[in-house]
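> Sequence below, structure please.
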Amino acid sequence: MAYLVLVRRTLRSWRRLLPSSAGADLIELRKSDFELPSQREEGTLIHILANRQTLAGVAALTLIPSALHGQDAKFAADNLKYSRDFYAKTHFVAVAESPDAFKYDRYPLEGPERIQCADGTYLRQHGKPWRHLPDKMRTGIPITYMEFNRYVMTFAGREEWGRFGQLVDEKTTQKLSGWIKLVDAAFNVETSSLKLVEKSELGRAEWIFQAPSGNPNGILTQLTFRKLARDKSENVLLHEFSGSMRLEGDHVVPADSNNAVKMGFGYMMRADERYEVSEFVWEEMQQPDVEAKK
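Down below sits the predicted model:
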C-alpha cells in the first residue's frame, strides 16, 4: 500500500513541478511527497533528480496488471453472455461429475427436458411434471462427452419425453430442480475477479479463467472456454466449469470445498429431418470436404 502511495505522490509532484520546456529531464521533489502524512516533518527538503521517463515507466508498470485484469473480466463476462445466448438456441447438454453424476438435455424455445442419472431417467415437457423411467445413465461419461464423442439421436424422440413413466414425488422434483439451478449458475458467476491463467492455440483454441471462491473455504472457480470450429469471430463458448457452490433455499451460493461442482457443456445439432448429431460430429461436418475439391 505504501508503495502505491509513493507512486501516486511522485506522479502528482512530477505534474506540478515539471518545467514547461520540453527538453527538461530533471525535477525537484519535496521529501513530504515520498512520505505518508504521519511521517512528514515540516520544513524538511531534499532534492531528488528524477528522470521523468523512469517515473512514467513506474506508473505504467503499476497500471498494467489492473488494466489486464479488467480485460480478462470483460472477456469472460462477454463470452458467458455469448454462451448463454448460444445454448438457449440449441439442444443444450450438460454432463456433471459432481456433486452427483448426471446428464441434462434441454431443447430450446421451452422445449422438453431430460435428466439421466444412476436412479434412471427423468423427463418432462415444458410446464409439465417430471416422470421417471428405469433406464439408467451409462456410468463413466466424461464431462467432455459432447465435444469428443460421435453419437446420434432421433429428433422425433423428444416429442415422447415425459409422455410416459411414473410421476415423481416432491422431494425428487426439488432434487432435479436443484441440479438444473447449479447448471444455470455456472453461466452466471461473478466475473470481476476472473483472471486468464492459460491460453492454448494448439488444436482447439482454449481459454482457462480462474477466480477465488466467494467462500473462504471454497475451491477455485475455473471456467474453460473453447472456440467453435470455423468460427471467425472473437467469441468462445463455455465448455467446462468447476468450483464450490450449493443451494440455499431457491438460490445458489458460494460454498466450502465439501460442495465441489464439476461439469461440462455442449450441444447437439439437427443434421436432417430425422437425426441430431453430437457437437463433435457437427463440427466434423463443418470441415471442408477435401475429397470433393480434388
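> Show me the domain layout of this protein.
Here the domain parsing of the chain from automatic domain parsing is 2-50, 72-290.
> Least reliable of those domains by average pLDDT, please.
Among those, domain 2-50 carries the lowest mean pLDDT, a mean of 38.
> Compile the domains of the chain into a markdown table and extend it with columns for mean neighbour count.
Where C-beta positions appear, they are placed from N, C-alpha and C, glycine not excepted. What follows is those, written out as a markdown table (neighbours: other CB atoms under 10 Å):
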| stretch | mean neighbour count |
| --- | --- |
| domain 2-50 | 13 |
| domain 72-290 | 16 |
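> tell me which element the spatially most central residue of the chain falls in.
A centroid search over the chain (CA atoms, centre = their mean) returns L223, at 3.9 Å, as the residue closest to the centre. Per DSSP states H and E, L223 falls inside strand 221-226.
> Mind giving me the packing neighbours of that strand?
Of the remaining helices and strands, those touching strand 221-226 by 3 or more CB pairs under 8 Å, 6 or more residues apart in numbering; DSSP states H and E are helix 52-88, strand 206-211, strand 237-248.
> Now do the same contact list for M263.
Counting by CB atoms under 8 Å, 6 or more residues apart in numbering, M263 touches A94, V95, A96, E97, I143, L182, V183, A186, E240, F241, S242.
> rerun at 10 Å
Counting by CB atoms under 10 Å, 6 or more residues apart in numbering, M263 makes contact with 94-99, 101-104, 143, 179, 182-183, 186, 239-243.
> which non-adjacent residue is nearest it?
Sequence neighbours aside, A96 is the residue nearest to M263 in space, at 4.1 Å (criterion: CB to CB, 6 or more residues apart in numbering).
> A strand includes that neighbour, no?
Yes - under DSSP: H, G, I helix; E, B strand; the rest coil, A96 sits within a strand.
> For it, give me its contacts.
A96 makes contact with 102-104, 115, 117, 141, 143, 179, 182-183, 186, 241, 261-264, according to CB under 10 Å, 6+ apart.
> ok now stretch 219-237, how far from the chain's centre?
Put simply, stretch 219-237 sits 8 Å off its chain's centre (CA atoms, centre = their mean, to the nearest Å).
> So which residues of the chain form helices?
In the chain, the helices defined using DSSP state H lie at 2-17, 52-88, 145-148, 170-185, 279-285, 290-293.
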